[in-house]
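> just the structure for this:
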Amino acid sequence: MRTQVAIVGAGPAGLVLSHLLARAGIDSLVLESRSREYVEKRVRAGVLEQGTVDLLTQTGVGERLRQEGLIHHGIELRFEGRPYRIDLTELTGGRSITVYGQQEVVKDLIRARLDAGGQIRFEAEALGFAELDSDRPRVRYLQAGQEQELTCDWVAGCDGFWGASRQAIPDGALRFYEKEYPFAWLGILAAVAPSSDELIYTYHERGFALHSLRSPEISRMYLQCRPDEPLDEWPDERIWHELRTRFATDDGFVLEDGPILEKSVTSMRSFVVEPMQYGRLFLAGDAAHIVPPTGA
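Numbering: from 1, shown residues only. Here you go, the predicted structure:
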């Protein structure tokens with residue numbers, strides 16, 4: 001099997017690349033180790049910057065984003081119980097942020113690629129790479145129990161921090177810059193309407209807290225904690241008590257609570273690799289660089 005560009009990973013980076021290549025008349029084939037159902041339900045970041053919204057809209061995959069995305073023109077910072085609103089739109093000449101889950105972006109891109117006849121192989125795990133320094137690199141992958149090979153002109157490794165693409169580059173060919181931070185975020189998804197129309201970033205003596213949202217019915221919140229924080233030490237009641245404590249204001253802000261659908265601890269890491277290329281293999285997305293999820 002042959003294509004011009006083999007893309008490993010059907011996350012936002014790989015799918016956007018496939019979409020842009022198709023618009024330029026360049027063939028690609030996307031290999032994704034997980035099922036379509038899995039990647040379309042995988043909850044990750046939920047805030048899109050203006051440039052991302054503009055790109056998706058201008059390239060024809062922004063219709064649902066424009067209809068369902070929640071546009072925010074500012075954020076709120078809280079210090080010692082006092083709120084301070086930052087008007088982002090005024091300070092940036094009219095730009096804004098949009099709350100629209102990464103899984104929704106992935107759904108839109110997958111639908112657009114498949115509707116246009118694009119090739120995405122789900123449950124196709126990349127096993128190895130060959131001749132990356134030649135003009136005919138190859139990707140071996142496993143699908144439905146059968147090992148197959150894809151020949152291409154270029155390879156794009158968009159399979160995340162733990163993916164196979166970067167691991168295929170020989171030792172010594174890359175330089176790594178990484179910082180592990182001495183704190184983490186305990187994040188929850190809760191079935192409760194957001195208590196604020198905009199994101200709230202709170203500084204508190206007990207640690208940072210963030211109030212965000214995923215929809216008018218789903219709230220996303222975070223508490224600063226230790227990187228090794230055991231989740232079983234955080235029952236729902238303790239989480240809500242700590243959130244109320246950190247979000248409290250002098251004017252009596254009320255944090256609404258509800259059933260917690262999901263909770264996890266996210267470590268904070270900054271990482272970048274240089275160069276983001278080896279031969280005909282290019283790294284993109286989390287395979288090449290990671291910043292802490294402070295946009296939430």
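
> okay, CA-based contacts and neighbour counts for the rest of this
Will do.

> spit out the contact partners of residue 121.
Residues in contact with residue 121 (Cα atoms under 8 Å, 6 or more residues apart in numbering) are 29-32.

> so for it, what's the pLDDT?
If you check residue 121, the pLDDT there is 98.

> beta-bridge partners for it, please?
Beta bridges link residue 121 to residue 31, judged by DSSP bridges.

> residue 262 contacts residue 218, correct?
No: counting by Cα atoms under 8 Å, residue 262 stays clear of residue 218, with 11.2 Å between them.

> on that earlier part again, can you add neighbour count and distance to residue 96 and give the contacts of residue 121 back as TSV?
Conversion of these to TSV gives the following (neighbours: other Cα atoms under 10 Å; distance: Cα to Cα, whole Å):
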residue	neighbour count	distance to residue 96
29	21	34
30	24	32
31	27	34
32	25	32
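
> now, which of those residues sits nearest residue 94?
Closest approach between those and residue 94, by Cα to Cα: residue 30, at 36.1 Å.

> report the contact partners of the closest one.
6-10, 14-15, 18, 119-121.

> what's the single longest helix in this protein?
helix 102-115 (DSSP state H).

> so what does the helix-or-strand element of the chain with minimal mean pLDDT touch, helix or strand wise?
Lowest mean confidence among the helices and strands of the chain (mean pLDDT, DSSP states H and E): strand 47-48, at a mean of 92. If you count contacts as 3 or more Cα pairs under 8 Å, 6 or more residues apart in numbering; DSSP states H and E, strand 47-48 packs onto strand 97-99.

> packing partners for the strand it packs on?
If you count contacts as 3+ Cα pairs under 8 Å, 6+ apart, strand 97-99 packs onto strand 47-48, helix 50-58, strand 70-72.

> is residue 70 in contact with residue 64, as I believe?
No: checked against Cα under 8 Å, the pair residue 70 and residue 64 is beyond contact range at 11.3 Å.

> more crowded one of these two?
Using other Cα atoms under 10 Å, the more surrounded residue of residue 70 and residue 64 is residue 70, with 19 against 13.

> what residues does the more buried one make contact with?
Going by Cα under 8 Å, 6+ apart, residue 70 touches 98-100, 215.

> shaky segments in this protein?
Residue ranges of the chain with pLDDT under 70: 295-296.

> which residue ranges make up each domain of it?
5-46+101-174+275-290, 180-268 (automatic domain parsing).

> ok, now how distant is the nearest residue to residue 80 once chain neighbours are set aside from residue 243?
Nearest non-adjacent residue to residue 80, counting by Cα to Cα, 6 or more residues apart in numbering: residue 204, 6.3 Å away. To residue 243, residue 204 is 11 Å away according to Cα to Cα, to the nearest Å.

> equivalent analysis for residue 49, please.
Relative to residue 243, and taking Cα to Cα, residue 49 is found at 26 Å.

> of the two, which one has the most company?
residue 243 (19 against 13).

> surely the more buried one is in contact with residue 223?
Yes: contact criterion Cα under 8 Å: residue 243 and residue 223 qualify, at 7.2 Å.

> quickly list what's touching both of the two.
Contact with both residue 243 and residue 223 is made by residues residue 209, according to Cα under 8 Å, 6+ apart.
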